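[1] dropping the sequence and predicted coords here.
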Amino acid sequence: MKRIFITGTDTDAGKTTCATALIHALRKHSRQIVPLKPVAAGAETVVGQLRNADALQLMEACDIAVSINSYVRVNPFCFAPPIAPHIAANQAGVTVNLADLLQHTDVVASSHGDILIIEGAGGWLVPLNDTESLADYAQEAAAEVVLVVDMKLGCLSHALLTAADIERRGLKLAGWIANQPQGTAMSEYNANIATLKQLLRAPCLGEIPYSPKANAGQLADFLNVNSML
């Protein structure tokens, strides 16, 4: 199963918005998608189980009924406070390590489906523990990467630094999405888009405007996923 890791230029870049839109866009091309959110921080207790809103949105986009077992399959490590995952894990007395995440990923990837969509947490180099990061996870999982760029001042440096490390690790940057989670467009938006298109060695999969009332299916229309099929 093809593996695609969704990362962002920072914590609130809109990874889940773009991941769910991407899922809908790929499903429109008859691709069966399997979602995975390996680590999540920021959750509420539902029927005795911590559940993260982003993971639930991924499940909804894939029409997966939520149960205790199905949720854990999508999001094996979930912590209540909305803080850095490794800090949340330390507070909970839990160890999150690369070996466990990779083993779980292999199990999920062995199920029936065409593409495994993996959503990260925070930005590219978010730590899992004192020695391992989510970037290490993406590398060891041999996933292609889609970069969500939060279109705001500073995004050029953030995007280029992230892309440089992705390439340094020998991973394929399959594409990038320009996302606008803020209600006010950045100054010189078009010039920044042009710069990213010139300097990022990957296709722009689309530009998602600020659309607080749009659902993932509607946002999928802003994406072109032909290069990923």
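    Yes, it's here.

[2] per-residue confidence at the closest residue to Arg169 other than its chain neighbours?
    Excluding the flanking residues, the one nearest Arg169 by C-beta to C-beta, 6 or more residues apart in numbering is Gln139, at 4.6 Å. All C-beta atoms are positioned from the backbone trio N, CA, C, and that covers glycine. At Gln139, the predicted lDDT confidence score is 99.

[3] which of the three states applies to Gln139?
    When classified by DSSP: H, G, I helix; E, B strand; the rest coil, Gln139 comes out as helix.

[4] neighbours of it, how many?
    Using other C-beta atoms under 10 Å, Gln139 has 19 other residues around it.

[5] Asn69 now?
    The number of residues near Asn69, taken as other C-beta under 10 Å, comes to 7.

[6] pLDDT at it, what is it?
    98.

[7] on that earlier part again, mind listing what the residue nearest to Arg169 touches?
    Arg169, Gly170, Leu171 (C-beta atoms under 8 Å, 6 or more residues apart in numbering).

[8] same question, Ala40
    Counting by C-beta under 8 Å, 6+ apart, Ala40 has contacts Asn52, Asp54, Ala55, Asn75, Phe77, Cys78, Phe79, Pro85, Ala121.

[9] can you list the buried residues in stretch 30-45?
    Arg31, Ile33, Val34, Pro35, Leu36, Lys37, Pro38, Val39, Ala40, Ala41, Gly42, Ala43 (16 or more other C-beta atoms under 10 Å).

[10] out of those, which are inside strands?
    Mapping those onto strands (DSSP state E) picks out Ile33, Val34, Pro35, Leu36, Val39, Ala40, Ala41.

[11] what residues are up against the third one?
    What it means is Pro35. Counting by C-beta under 8 Å, 6+ apart, Pro35 has contacts Ala19, Ile23, Ala55, Leu58, Met59, Ala61, Cys62, Ile64, Val74, Leu116, Ile117, Glu119.

[12] rerun that using 7 Å as the cut-off
    Each residue near Pro35 by C-beta atoms under 7 Å, 6 or more residues apart in numbering is listed here: Ile23, Leu58, Met59, Cys62, Val74, Ile117.

[13] many thanks, have a good one.
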